[in-house]
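>>> Model the following, please.
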Amino acid sequence: MSPILKCIKQNKTSVKPIWFMRQAGRYLPEFRKIRSQNQDFIKLCLNSKLSSEITLQPIKRFNLDSAIIFSDILMVPYSLGQQVSFIKNQGPELSDFNIEMFLNINEKEFSQKLSPVYKAIEITRKNLDKKKSLIGFIGAPWTLIIYMLNIKNNKTEINLKKLKKENININKILDKLIKFLCIHIDNQINSGADVIQIFDSWAGLVPEKDIRDFCFVPNAKIVEFCKRKKIANICFPKGIKTQYEEFNKIVKPDGINLDYEIDPLWAKGRLKNVILQGGLDPKILLRSEEEMMLGAAKYIETFKGIPYVFNLGHGLLPETDPDKVKKLIEFYRNYQ
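Presented below is the predicted three-dimensional model:
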(Lines give C-alpha, C1' and ligand atoms only; values in the text may rest on other atoms or scores of the structure.)
Protein backbone atom coordinates (compact mmCIF):
# COMPACT_ATOMS: atom_id res chain seq x y z
CA MET A 1 0.00 0.00 0.00
CA SER A 2 1.34 3.45 -0.93
CA PRO A 3 2.10 6.12 1.70
CA ILE A 4 -0.83 8.25 0.53
CA LEU A 5 -3.24 5.31 0.90
CA LYS A 6 -1.83 4.44 4.33
CA CYS A 7 -2.51 8.04 5.31
CA ILE A 8 -6.02 8.27 3.83
CA LYS A 9 -7.29 4.75 4.45
CA GLN A 10 -5.47 3.84 7.68
CA ASN A 11 -4.95 7.29 9.25
CA LYS A 12 -1.23 6.55 9.56
CA THR A 13 0.85 9.45 10.89
CA SER A 14 4.17 7.63 10.57
CA VAL A 15 4.13 7.94 6.76
CA LYS A 16 4.91 11.31 5.19
CA PRO A 17 3.26 11.31 1.76
CA ILE A 18 4.13 14.08 -0.67
CA TRP A 19 3.11 14.95 -4.21
CA PHE A 20 2.30 18.20 -6.05
CA MET A 21 -0.57 19.35 -8.19
CA ARG A 22 0.75 20.01 -11.72
CA GLN A 23 3.93 18.11 -10.85
CA ALA A 24 4.00 17.02 -14.51
CA GLY A 25 4.03 20.26 -16.43
CA ARG A 26 5.58 23.36 -17.93
CA TYR A 27 8.23 23.94 -15.25
CA LEU A 28 10.05 20.77 -16.37
CA PRO A 29 12.38 21.11 -19.39
CA GLU A 30 11.64 17.52 -20.42
CA PHE A 31 7.92 18.39 -20.59
CA ARG A 32 8.57 21.56 -22.58
CA LYS A 33 10.52 19.53 -25.12
CA ILE A 34 7.58 17.17 -25.70
CA ARG A 35 5.12 20.06 -25.73
CA SER A 36 7.13 21.97 -28.35
CA GLN A 37 6.74 18.99 -30.67
CA ASN A 38 3.02 18.55 -29.91
CA GLN A 39 1.21 21.86 -30.32
CA ASP A 40 -2.33 20.46 -30.09
CA PHE A 41 -2.93 19.97 -26.36
CA ILE A 42 -6.00 17.75 -26.75
CA LYS A 43 -4.14 15.44 -29.13
CA LEU A 44 -1.27 15.30 -26.63
CA CYS A 45 -3.68 14.23 -23.88
CA LEU A 46 -5.00 11.55 -26.25
CA ASN A 47 -1.53 10.21 -27.02
CA SER A 48 -1.40 7.36 -24.49
CA LYS A 49 2.34 6.80 -24.77
CA LEU A 50 3.32 10.46 -24.39
CA SER A 51 0.73 11.08 -21.68
CA SER A 52 2.21 8.24 -19.64
CA GLU A 53 5.76 9.45 -20.29
CA ILE A 54 4.85 12.95 -19.07
CA THR A 55 3.08 11.51 -16.00
CA LEU A 56 6.27 9.68 -15.02
CA GLN A 57 8.68 12.57 -15.65
CA PRO A 58 8.46 14.05 -12.11
CA ILE A 59 8.56 10.54 -10.59
CA LYS A 60 11.87 9.86 -12.34
CA ARG A 61 13.25 13.23 -11.25
CA PHE A 62 11.95 13.56 -7.66
CA ASN A 63 11.28 11.44 -4.57
CA LEU A 64 7.47 11.68 -4.76
CA ASP A 65 4.88 9.21 -3.47
CA SER A 66 2.25 9.58 -6.18
CA ALA A 67 1.94 10.12 -9.90
CA ILE A 68 -1.08 11.98 -11.24
CA ILE A 69 -2.10 11.11 -14.78
CA PHE A 70 -1.29 13.79 -17.33
CA SER A 71 -4.65 14.84 -18.75
CA ASP A 72 -7.06 17.75 -18.30
CA ILE A 73 -10.45 18.30 -16.68
CA LEU A 74 -11.71 19.59 -20.05
CA MET A 75 -11.31 16.17 -21.65
CA VAL A 76 -14.83 15.53 -20.32
CA PRO A 77 -16.51 18.40 -22.24
CA TYR A 78 -14.49 17.30 -25.27
CA SER A 79 -15.88 13.78 -24.92
CA LEU A 80 -19.38 15.19 -24.53
CA GLY A 81 -19.21 16.79 -27.96
CA GLN A 82 -17.72 20.26 -27.43
CA GLN A 83 -14.68 21.46 -29.33
CA VAL A 84 -11.90 22.40 -26.91
CA SER A 85 -8.79 24.36 -27.84
CA PHE A 86 -6.07 25.96 -25.75
CA ILE A 87 -5.04 29.47 -26.81
CA LYS A 88 -1.50 30.49 -25.89
CA ASN A 89 -1.42 33.03 -23.02
CA GLN A 90 -5.23 32.95 -22.82
CA GLY A 91 -6.25 29.47 -21.76
CA PRO A 92 -9.04 27.14 -22.90
CA GLU A 93 -11.69 28.06 -25.44
CA LEU A 94 -14.80 25.90 -25.95
CA SER A 95 -17.28 25.93 -28.81
CA ASP A 96 -20.87 27.00 -28.11
CA PHE A 97 -22.74 24.64 -25.82
CA ASN A 98 -25.41 22.56 -27.57
CA ILE A 99 -27.85 21.27 -24.94
CA GLU A 100 -29.54 18.79 -27.32
CA MET A 101 -26.27 17.20 -28.37
CA PHE A 102 -25.11 17.14 -24.74
CA LEU A 103 -28.23 15.36 -23.52
CA ASN A 104 -28.07 12.78 -26.32
CA ILE A 105 -24.45 11.62 -25.90
CA ASN A 106 -24.39 7.93 -25.03
CA GLU A 107 -22.12 6.25 -22.49
CA LYS A 108 -20.29 4.07 -25.00
CA GLU A 109 -19.41 7.00 -27.24
CA PHE A 110 -18.22 9.02 -24.23
CA SER A 111 -15.94 6.26 -22.92
CA GLN A 112 -14.63 5.49 -26.41
CA LYS A 113 -13.45 9.08 -26.93
CA LEU A 114 -11.58 8.91 -23.61
CA SER A 115 -10.12 5.43 -24.15
CA PRO A 116 -6.58 6.78 -24.84
CA VAL A 117 -6.64 8.39 -21.38
CA TYR A 118 -7.48 5.03 -19.81
CA LYS A 119 -4.77 3.35 -21.88
CA ALA A 120 -2.29 5.94 -20.55
CA ILE A 121 -3.30 5.02 -16.99
CA GLU A 122 -2.76 1.33 -17.75
CA ILE A 123 0.71 2.00 -19.22
CA THR A 124 1.64 4.24 -16.29
CA ARG A 125 0.51 1.72 -13.70
CA LYS A 126 2.67 -0.96 -15.30
CA ASN A 127 5.73 1.30 -15.19
CA LEU A 128 5.11 2.84 -11.77
CA ASP A 129 6.58 1.47 -8.56
CA LYS A 130 3.86 -0.54 -6.78
CA LYS A 131 4.56 1.43 -3.61
CA LYS A 132 3.45 4.65 -5.32
CA SER A 133 -0.13 5.71 -5.96
CA LEU A 134 -1.53 6.66 -9.33
CA ILE A 135 -4.01 9.50 -9.03
CA GLY A 136 -6.85 9.89 -11.49
CA PHE A 137 -8.98 13.01 -11.46
CA ILE A 138 -12.02 14.90 -12.67
CA GLY A 139 -13.22 18.47 -12.70
CA ALA A 140 -16.23 18.97 -10.43
CA PRO A 141 -19.56 19.63 -12.20
CA TRP A 142 -19.75 23.34 -11.33
CA THR A 143 -16.23 24.06 -12.57
CA LEU A 144 -16.93 22.21 -15.82
CA ILE A 145 -20.20 24.12 -16.30
CA ILE A 146 -18.34 27.43 -16.06
CA TYR A 147 -16.15 26.38 -18.98
CA MET A 148 -18.86 24.59 -20.97
CA LEU A 149 -21.32 27.49 -20.81
CA ASN A 150 -18.63 30.18 -20.99
CA ILE A 151 -20.03 32.14 -18.04
CA LYS A 152 -16.77 33.29 -16.45
CA ASN A 153 -16.14 37.01 -16.99
CA ASN A 154 -12.79 36.96 -15.20
CA LYS A 155 -11.09 35.27 -12.24
CA THR A 156 -13.47 36.83 -9.71
CA GLU A 157 -16.94 36.84 -11.24
CA ILE A 158 -19.35 34.90 -13.43
CA ASN A 159 -22.20 35.96 -15.70
CA LEU A 160 -25.32 34.32 -14.27
CA LYS A 161 -27.52 36.70 -16.29
CA LYS A 162 -26.47 34.77 -19.38
CA LEU A 163 -28.00 31.58 -17.91
CA LYS A 164 -31.28 33.30 -17.14
CA LYS A 165 -31.38 35.05 -20.52
CA GLU A 166 -30.84 31.79 -22.40
CA ASN A 167 -33.13 29.88 -20.02
CA ILE A 168 -30.51 27.23 -19.27
CA ASN A 169 -31.48 24.59 -16.72
CA ILE A 170 -28.29 24.15 -14.68
CA ASN A 171 -29.74 21.32 -12.58
CA LYS A 172 -30.44 19.25 -15.68
CA ILE A 173 -26.86 19.77 -16.86
CA LEU A 174 -25.47 18.99 -13.40
CA ASP A 175 -27.34 15.68 -13.23
CA LYS A 176 -26.06 14.59 -16.64
CA LEU A 177 -22.52 15.69 -15.83
CA ILE A 178 -22.50 13.77 -12.54
CA LYS A 179 -23.56 10.62 -14.41
CA PHE A 180 -20.72 10.91 -16.94
CA LEU A 181 -18.14 11.97 -14.37
CA CYS A 182 -18.90 8.82 -12.40
CA ILE A 183 -18.40 6.77 -15.57
CA HIS A 184 -15.08 8.56 -16.10
CA ILE A 185 -14.03 7.80 -12.52
CA ASP A 186 -15.02 4.15 -12.86
CA ASN A 187 -13.01 3.80 -16.07
CA GLN A 188 -9.96 5.38 -14.42
CA ILE A 189 -10.25 2.99 -11.46
CA ASN A 190 -10.55 0.00 -13.78
CA SER A 191 -7.44 1.17 -15.63
CA GLY A 192 -5.30 1.36 -12.49
CA ALA A 193 -5.95 4.61 -10.59
CA ASP A 194 -6.05 4.07 -6.82
CA VAL A 195 -6.89 7.66 -5.77
CA ILE A 196 -9.33 10.13 -7.34
CA GLN A 197 -9.00 13.89 -6.88
CA ILE A 198 -12.00 16.11 -7.61
CA PHE A 199 -10.97 19.60 -8.71
CA ASP A 200 -13.61 22.27 -8.10
CA SER A 201 -11.26 25.01 -9.24
CA TRP A 202 -13.98 27.66 -9.57
CA ALA A 203 -15.99 26.73 -6.46
CA GLY A 204 -15.18 30.19 -5.10
CA LEU A 205 -17.31 31.75 -7.86
CA VAL A 206 -20.55 30.01 -6.85
CA PRO A 207 -23.05 32.59 -5.54
CA GLU A 208 -23.46 32.03 -1.80
CA LYS A 209 -27.19 31.28 -2.12
CA ASP A 210 -26.42 28.51 -4.63
CA ILE A 211 -23.31 26.97 -3.08
CA ARG A 212 -25.16 24.01 -1.56
CA ASP A 213 -26.93 23.06 -4.82
CA PHE A 214 -24.12 23.83 -7.27
CA CYS A 215 -21.05 22.83 -5.23
CA PHE A 216 -21.74 20.80 -2.08
CA VAL A 217 -24.44 18.43 -3.36
CA PRO A 218 -22.78 17.54 -6.72
CA ASN A 219 -19.45 16.88 -4.97
CA ALA A 220 -21.26 14.79 -2.33
CA LYS A 221 -22.88 12.61 -5.01
CA ILE A 222 -19.52 11.97 -6.65
CA VAL A 223 -17.81 11.23 -3.33
CA GLU A 224 -20.63 8.83 -2.48
CA PHE A 225 -19.96 7.04 -5.78
CA CYS A 226 -16.23 6.88 -4.97
CA LYS A 227 -16.99 5.37 -1.58
CA ARG A 228 -19.21 2.72 -3.16
CA LYS A 229 -16.26 1.89 -5.40
CA LYS A 230 -13.97 1.87 -2.34
CA ILE A 231 -11.61 4.34 -4.01
CA ALA A 232 -9.73 6.94 -1.94
CA ASN A 233 -11.00 10.41 -2.83
CA ILE A 234 -9.76 13.96 -2.26
CA CYS A 235 -11.80 17.11 -2.91
CA PHE A 236 -10.36 20.51 -3.78
CA PRO A 237 -13.09 23.19 -3.53
CA LYS A 238 -10.76 26.10 -4.20
CA GLY A 239 -11.70 29.56 -3.02
CA ILE A 240 -14.67 28.84 -0.73
CA LYS A 241 -12.89 30.23 2.35
CA THR A 242 -14.57 29.23 5.65
CA GLN A 243 -17.24 27.33 3.69
CA TYR A 244 -14.67 24.52 3.70
CA GLU A 245 -16.20 23.53 7.05
CA GLU A 246 -19.74 23.18 5.69
CA PHE A 247 -18.40 21.53 2.53
CA ASN A 248 -16.66 18.89 4.65
CA LYS A 249 -19.76 18.20 6.75
CA ILE A 250 -22.01 17.73 3.71
CA VAL A 251 -19.64 16.12 1.19
CA LYS A 252 -17.76 13.87 3.66
CA PRO A 253 -14.71 13.20 1.44
CA ASP A 254 -11.82 10.98 2.52
CA GLY A 255 -9.46 13.90 2.01
CA ILE A 256 -9.68 17.61 1.39
CA ASN A 257 -7.05 19.79 -0.27
CA LEU A 258 -6.63 23.21 1.32
CA ASP A 259 -6.07 26.20 -0.92
CA TYR A 260 -3.43 28.76 0.02
CA GLU A 261 -6.00 31.23 1.41
CA ILE A 262 -6.94 28.84 4.22
CA ASP A 263 -5.19 29.26 7.57
CA PRO A 264 -3.75 25.81 8.39
CA LEU A 265 -4.43 26.27 12.11
CA TRP A 266 -8.09 27.06 11.36
CA ALA A 267 -8.30 23.98 9.13
CA LYS A 268 -6.75 21.75 11.78
CA GLY A 269 -9.27 22.94 14.37
CA ARG A 270 -12.42 23.01 12.21
CA LEU A 271 -12.17 20.27 9.59
CA LYS A 272 -12.97 17.02 11.37
CA ASN A 273 -13.03 13.36 10.24
CA VAL A 274 -11.10 14.11 7.05
CA ILE A 275 -7.48 13.80 5.94
CA LEU A 276 -5.97 17.19 5.14
CA GLN A 277 -3.74 17.79 2.14
CA GLY A 278 -1.80 20.74 0.80
CA GLY A 279 -2.23 24.44 1.48
CA LEU A 280 1.25 25.83 0.79
CA ASP A 281 1.20 28.77 -1.63
CA PRO A 282 2.96 27.68 -4.86
CA LYS A 283 4.36 31.24 -5.18
CA ILE A 284 6.62 30.49 -2.22
CA LEU A 285 8.75 28.33 -4.51
CA LEU A 286 9.55 31.52 -6.44
CA ARG A 287 11.03 33.17 -3.35
CA SER A 288 14.29 32.55 -1.47
CA GLU A 289 15.09 29.08 -0.15
CA GLU A 290 14.85 30.38 3.40
CA GLU A 291 11.33 31.74 2.84
CA MET A 292 10.31 28.50 1.15
CA MET A 293 11.56 26.36 4.03
CA LEU A 294 9.90 28.61 6.63
CA GLY A 295 6.60 28.37 4.75
CA ALA A 296 6.84 24.60 4.49
CA ALA A 297 7.80 24.27 8.17
CA LYS A 298 4.62 26.13 9.16
CA TYR A 299 2.48 23.40 7.55
CA ILE A 300 4.65 20.54 8.80
CA GLU A 301 4.51 21.82 12.38
CA THR A 302 0.78 22.59 12.23
CA PHE A 303 -0.14 19.09 11.07
CA LYS A 304 2.46 17.17 13.06
CA GLY A 305 0.90 14.16 14.78
CA ILE A 306 -2.15 13.92 12.48
CA PRO A 307 -2.48 12.27 9.06
CA TYR A 308 -1.46 14.86 6.45
CA VAL A 309 -0.46 14.77 2.78
CA PHE A 310 2.10 17.44 1.90
CA ASN A 311 1.09 19.35 -1.23
CA LEU A 312 0.41 22.88 -2.40
CA GLY A 313 -2.64 25.14 -2.29
CA HIS A 314 -2.73 25.13 -6.10
CA GLY A 315 -0.59 23.76 -8.92
CA LEU A 316 3.14 24.28 -9.44
CA LEU A 317 3.70 27.45 -11.48
CA PRO A 318 5.39 27.30 -14.92
CA GLU A 319 8.22 29.58 -13.76
CA THR A 320 9.14 27.28 -10.83
CA ASP A 321 12.76 26.11 -10.72
CA PRO A 322 12.86 22.28 -10.62
CA ASP A 323 15.84 22.47 -8.23
CA LYS A 324 13.61 24.33 -5.75
CA VAL A 325 11.07 21.51 -6.00
CA LYS A 326 13.80 18.97 -5.25
CA LYS A 327 15.03 20.98 -2.26
CA LEU A 328 11.49 21.35 -0.89
CA ILE A 329 10.95 17.58 -1.10
CA GLU A 330 14.27 16.91 0.62
CA PHE A 331 13.44 19.45 3.34
CA TYR A 332 10.11 17.72 3.98
CA ARG A 333 11.63 14.23 3.98
CA ASN A 334 14.40 15.22 6.42
CA TYR A 335 12.32 17.44 8.72
CA GLN A 336 12.40 16.26 12.34
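
>>> For the rest of this, base every contact and every neighbour count on C-alpha atoms.
Will do.

>>> which stretches of this protein have low pLDDT?
153-156, 160, 162-167 (pLDDT under 70).

>>> What are the boundaries of the strands in the chain?
Assigned by DSSP state E, the strands in the chain fall at 66-68, 84-87, 91-94, 133-139, 195-199, 232-236, 255-258, 275-278, 308-309.

>>> just the helices in the stretch 201-336 of the chain please.
Counting by DSSP state H, counting those that start in this stretch, the stretch 201-336 of the chain has helices at residues 211, 217-228, 244-251, 264-270, 289-302, 322-334.

>>> buried set for the fifth one?
Spelled out, it's helix 289-302. 292-293, 296-297, 299-300 (16 or more other Cα atoms under 10 Å).

>>> out of those, who's nearest Asn169?
Tyr299 (41.8 Å; Cα to Cα).

>>> Look up how far Asn311 lies from the closest one.
Remark: distance between Tyr299 and Asn311 (Cα to Cα, to the nearest Å) = 10 Å.

>>> Spit out the residues that contact these two alike.
279-280 (Cα atoms under 8 Å, 6 or more residues apart in numbering).

>>> For Ser111, which non-adjacent residue is spatially closest?
Sequence neighbours aside, His184 is the residue nearest to Ser111 in space, at 7.2 Å (criterion: Cα to Cα, 6 or more residues apart in numbering).

>>> Let me know how buried the one you found is, in neighbour terms.
23 (other Cα atoms under 10 Å).

>>> thought it was touching Lys108?
No - counting by Cα atoms under 8 Å, Lys108 is not a contact partner of His184; they are 11.2 Å apart.

>>> picking that back up, would you reformat the strands of the chain as a markdown table and include distance to Leu103 and mean neighbour count?
What follows is the strands of the chain, written out as a markdown table (distance: least, Cα to Cα, whole Å; neighbours: other Cα atoms under 10 Å):
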| stretch | distance to Leu103 | mean neighbour count |
| --- | --- | --- |
| strand 66-68 | 30 | 27 |
| strand 84-87 | 18 | 15 |
| strand 91-94 | 17 | 13 |
| strand 133-139 | 19 | 24 |
| strand 195-199 | 23 | 23 |
| strand 232-236 | 26 | 26 |
| strand 255-258 | 31 | 24 |
| strand 275-278 | 36 | 25 |
| strand 308-309 | 38 | 28 |
